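> Here's a sequence, model it:
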Amino acid sequence: MAITRLGGANAITGTLPAANINDTSISNITALPAGVGGKVLQVVNATYNTETTSNSVTAVDTGLTATITPSSSSNKILIDARIAGCGKETSNTYLRIYLQKDNSNLILMDEGAGYTADSGANRVGTVATTYLDSPSTTSAITYKCVFRSSGNSATVVVNDESSVSTMTLMEIEA
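Model (predicted):
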């Protein structure tokens, strides 16, 4: 790279070897400095809009599922999940919605979603969660949402009335 100092008699001219130049333009950054982390390495998105009904107190698959394979066992997975659901026409009905990892409950997302206090009424509600998982693996991981009735054989529904449920998985560099 050629350099020139303006200033007449005090002008400096010359060439810097390319190896001595730090190119910090955004397009040339390929990694964060050691110990910084936080870079999003990959994003997986899933949507599901088919109505699913149950009156079981045993968890039922919502149909919303996504799989991601971390590139390093030290990386984390940021999960953003949103499920629309309701209790159907039975008083004191609601859903319990869980986020699962490889078919095991990770967290209880909500225990009162779509609560219906009156017979003959449907109350649609959206449950959302953001969760940071530390899977410690480079194997494929499947995340999904499951739901169940609050009890008394009450009917509960996800994706009622043309609702759409979504899940986004982001691998975050450690």
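> Let me see the contact set for residue 67.
44, 140, 141, 142, 143 (C-beta atoms under 8 Å, 6 or more residues apart in numbering). Glycine gets a C-beta too; all of them are placed from N, C-alpha and C.
> Which helix or which strand is home to the nearest residue to residue 40 once chain neighbours are set aside?
Excluding its sequence neighbours, the residue lying closest to residue 40 (C-beta to C-beta, 6 or more residues apart in numbering) is residue 170, at 5.2 Å. Element membership for residue 170, per DSSP states H and E: strand 165-172.
> Give me the residues contacting that strand.
37-49, 62-66, 68, 70-71, 75-84, 132, 143-145, 158-159.
> Please spell out which residues along it are buried.
165, 166, 167, 168, 169, 170, 171, 172 (16 or more other C-beta atoms under 10 Å).
> Generate CSV for those, with distance to residue 108 and pLDDT as supplementary columns.
Converted to CSV, the buried residues of strand 165-172 look like this (distance: C-beta to C-beta, whole Å; pLDDT from 0 to 100):
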residue, distance to residue 108, pLDDT
165, 17, 92
166, 19, 96
167, 16, 98
168, 20, 98
169, 19, 98
170, 22, 98
171, 24, 98
172, 23, 97
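> Now flag whichever of the residues you listed is closest to residue 54.
Closest approach to residue 54 among the buried residues of strand 165-172 (C-beta to C-beta): residue 165, at 14.7 Å.
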